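>>> sequence first, predicted coordinates after that:
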Amino acid sequence: MTGNSRAIGSGKITIIQGDITRLHADIIVNAANSSLMGGGGVDGAIHRAGGPAILEECRTIVRRQGGCQTGEAVITTAGQLAARFVIHTVGPVWQGGHREEARLLRCCYENSLKLAEAHEAASIAFPNISTGVYGYPKQEAASIAWQSAVDDLLRGSEKGPKEIIFVCFDRDNADIYEKLMSEQLPS
Ligand code: ADP
């Protein structure tokens with residue numbers, strides 16, 4: 001899969017259209033649900049491709065802390081995937097925009113980036129969290145994802161990821177992210 005990259009701050013942002021389970025990055029992020037027990041969409045795809053080791057570690061986390069709240073993130077092995085780790089984060093369900101959805105979605109990106117930094121990951125790949133079954137409007141969700149990445153790379157922490165990849169599965173999201181990139185970071 002080839003992507004479109006732009007340098008910013010201490011690193012770069014890349015946009016790729018395709019299947020996140022096939023990506024070679026240190027970390028891939030899963031749009032999980034709070035049970036951490038797998039589900040449909042990207043969550044199902046990651047567990048199918050990664051094998052049972054991921055679910056096994058999710059079970060251990062559930063025993064320890066009872067799942068994962070909206071906006072929070074946890075990290076596990078990546079099983080058979082080409083990544084080193086999977087970060088599972090729980091996006092907000094869209095309920096019209098007045099239930100702190102924007103703040104919670106931003107938390108998903110920020111908490112995932114913090115975990116990536118703690119694990120000294122050079123690259124991290126995000127799906128378009130909450131924009132599937134959870135119904136978050138794609139344009140608004142993309143603006144939050146984009147700004148979180150820009151802020152992180154401009155902060156330029158020494159151990160933080162140098163490449164933030166947005167993996168867009170559907171054509172709508174790919175178009176939205178391509179437009180954001182050409183407007184915000186013209187080549
Ligand atoms: P949520 O419940 O957070 O909305 P979904 O999995 O339903 O999670 O959708 C989140 C995003 O993941 C959607 O934009 C969907 O198109 C995308 N998606 C689904 N399968 C994959 C995949 N294999 N790789 C990358 N993105 C995917």
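Looks like it arrived, so ask away. Residues are numbered from 1 along each chain as shown.
>>> Cys58 belongs to a helix?
Yes: judged by DSSP: H, G, I helix; E, B strand; the rest coil, Cys58 forms part of a helix.
>>> what about it, neighbour count?
23 (other C-beta atoms under 10 Å). The way it works is simple: take the backbone N, C-alpha and C, and place the C-beta from them, glycine included.
>>> got a list of what it touches?
Contacts of Cys58 were listed using C-beta atoms under 8 Å, 6 or more residues apart in numbering, and they are Leu36, Met37, Gly38, Val74, Thr76, His88.
>>> pull out the buried members of these.
Leu36, Gly38, Val74, Thr76, His88 (16 or more other C-beta atoms under 10 Å).
>>> got the contact list for the residue nearest to the spatial centre of the chain?
The centre of the chain sits closest to Phe126, judged by C-alpha atoms, centre = their mean, with a distance of 2.8 Å. Applying C-beta under 8 Å, 6+ apart to Phe126 gives the contacts Val29, Tyr109, Ser112, Ala145, Ile164, Ile165, Phe166, Val167.
>>> now Leu55
Residues in contact with Leu55 (C-beta under 8 Å, 6+ apart) are Met37, Gly38, His47.
>>> and what of Ala174?
The neighbours of Ala174, taking C-beta under 8 Å, 6+ apart as the test, are Ile15, Gln17, Cys168.
>>> enumerate the residues of the chain near the ligand.
Residues of the chain lying close to the ligand (C-beta under 6 Å from any ligand atom) are 19-21, 31, 41-43, 45, 91, 127-134, 167, 169-170, 173.
>>> could you redo the last one with a cut-off of 8 Å?
Residues of the chain found near the ligand (C-beta under 8 Å from any ligand atom) are 18-21, 31-33, 39-46, 91, 93, 127-136, 138, 167-170, 173.
>>> so which of those residues are in strands?
Ala31, Ala32, Val167, Cys168 (DSSP state E).
>>> out of these, which one sits closest to the ligand?
Set against the ligand, the nearest of those by C-beta to the nearest ligand atom is Ala31 (3.5 Å).
>>> next, count neighbours for that closest one.
Ala31 - counted by other C-beta under 10 Å - has 24 other residues nearby.
>>> now Lys179
When counting by other C-beta under 10 Å, one arrives at 12 neighbours for Lys179.
>>> that one - that's part of a strand, no?
No: looking at Lys179 with three-state DSSP, it is helix, so not inside a strand.
>>> Thr89 versus that one, what's the distance?
For Lys179, the distance to Thr89 (C-beta to C-beta, to the nearest Å) stands at 25 Å.
>>> returning to what we had before: bridging residues for the residue nearest to the centre of the chain?
For Phe126, the beta-bridge partners are Phe166 (DSSP bridges).
>>> how far away is it from Leu104?
Using C-beta to C-beta, we find Phe126 at a distance of 15 Å from Leu104.
>>> ok, now Lys162?
Taking C-beta to C-beta as the measure, Lys162 falls 27 Å from Leu104.
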